[in-house]
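Asks: Pasting the sequence and the predicted coordinates here, then a few questions.
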Amino acid sequence: MPIPLIIGAAAAAAGLYGAAKGVSGAIDHSSAKDINSNADSLVDTANQVIEAQRQATNGVLEDYGQRKLRAFNGVIADFIETFQRINNVELRESPELDKLNAGDFSSKTMPSLKQDYQALKDAGLGLGAGLGSGAALAFGAYNGTMLLATASTGTAISTLGGVAATNATLAWLGGGSLAAGGYGMAGGMMVLGGIVAGPALAIFGHVLGNKGEEALNNARSNLEQAQTIRDEAELMTGKLKTIEEVTALANATFSKVSSQLRRSVSELKKILVAQGDDFRSYAEESKVVVFRSVKFAQLLKAMIDTPILDQDGNLVLATEKRIHDVAAVADGSKGALDSVVA
C-alpha cells in the first residue's frame, strides 16, 4: 500500500531536514561564538588603548597644573614682593615693553597677578600646600580666570570637588564620576564628542540560547558595532593625544619663562642691595634688568591666561599658536604677542 510508504518517506524527510537544520544551527552557533569573540576582542583592545591615552593625557595636565601652582608660590610671589620694593618705575622708557603693551603693567597685569595669587591662598593653596589630583587637572586645563573665579566663590579646589567635578571631560580624564560609574570608554566618547553612547558597549550578551540563524545574525550585528567602536576609539585617542601634546608644549614653555623670570628676579635683588629702591637713580643696564623682569612676568601671565580646554571640555584651538607666540617673544625672536582673538 503506497500511503504508508509516502507517510514514512515524509517522516524520514522531515527527520533528515530536522537533523540537517540541527547541524546547520550548531554551525551557526559556532560561527556566532567566533564572531562575538572577535567583536569582544575589538572592544577590549579599544578600551585598553583609550585607557592608556586617558592616563597619559591626565598625567600631563596634572603636571602642568602642579607647575603653575609652584610658580605662583615661588617665582611669581617672589617677583611681586621684589618688584613692589622698587619705587618710581617708568616702564614707558622701554621700547621693547611698549611693544608688549606693558605700559599698563602696573595698573592691570600686576594687580591681576596679585589677585590670582591671593585667590589661591584664600583657597588654601598657598606656600606649602599641594593640589589634589583633580584640582591639579583642572588647574592645568583651565586658565586663571576660569579656575580662580570658582575658587573666589569659596568652592574648594583642593580636591576633585568644585570646578573639576562640574566638567564631564575633567571628571572622566581624572577617573572621576563617569569612570567610577562604569562608563570608562563610553563616558569618554560622550564627553569627547563620540557618537557611540554607553549602551553600545553592552551589545555583547549570551546569544547561544537563540536559534542558530538568529544568533549568527546577532553576532554579525555585534561585530559591525564593535568595528564602529574601534573607529570611534581611534578618533578619541587622537583627540586625547592632541590635548596631551599641546599641554606638554605649554608645560615646557611655562617652565622656560619661569626660569627666565627667576633669573631676572635674582638680578633685581642684587640691584636693590647695590643701588637702592629708586628706579630713577638706576644705571641703564639695571633699568634693562627691571624691564626684562617685567617682560617675563607679562609672558607668564599670558600663559596663565591661556586655557588648554574650554568650559565644555574641548581643546581651545588657538592655544597652541598662543604658546608658540609666547615662546618666540621670550627668546627674542619676536617683538610682541599677537592680539588674542575673542
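Replies: Sure, I can see it.
Asks: Tell me how many other residues surround residue 337.
Replies: Neighbour count of residue 337, defined by other CB atoms under 10 Å: 17. The way it works is simple: take the backbone N, C-alpha and C, and place the C-beta from them, glycine included.
Asks: same thing with residue 321?
Replies: 12.
Asks: cool, residue 114 as well?
Replies: 14.
Asks: and if you look at residue 241?
Replies: With other CB under 10 Å as criterion, residue 241 counts 13.
Asks: One more: residue 55?
Replies: Neighbours of residue 55 (other CB under 10 Å): 13.
Asks: right, and the helix or strand after the strand or helix carrying it?
Replies: In this assignment (DSSP states H and E), residue 55 forms part of helix 2-71. The helix or strand immediately downstream of helix 2-71 is helix 77-83, counting by DSSP H and E.
Asks: which residues of the stretch 1-150 of the chain score low on pLDDT?
Replies: Within the stretch 1-150 of the chain, the stretches with pLDDT under 70 are 1-29, 93-107, 120-134, 144-150.
Asks: go with 50
Replies: 1-26 (pLDDT under 50).
Asks: Helices of the protein, start to end?
Replies: Listed in chain order, the helices of the chain (DSSP state H) span 2-71, 77-83, 95-99, 110-122, 133-141, 144-151, 168-173, 177-180, 184-191, 212-275, 284-304, 319-330.
Asks: Just say which of these is most tucked in.
Replies: helix 133-141 (a mean of 28; mean count of other CB atoms under 10 Å).
Asks: Just name whatever secondary elements that helix is in contact with.
Replies: Applying 3 or more CB pairs under 8 Å, 6 or more residues apart in numbering; DSSP states H and E, one finds that helix 133-141 makes contact with helix 2-71, helix 168-173.
Asks: got the CA coordinates for the last one in CSV?
Replies: Spelled out, it's helix 168-173. Extracted in CSV, the C-alpha atoms of helix 168-173 (Å, rounded to 0.1, in the frame of the first residue of the first chain):
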residue,chain,number,x,y,z
ALA,A,168,32.4,66.0,32.4
THR,A,169,35.6,65.9,30.5
LEU,A,170,37.8,66.6,33.5
ALA,A,171,35.8,64.1,35.6
TRP,A,172,36.4,61.4,33.0
LEU,A,173,40.0,62.3,32.4
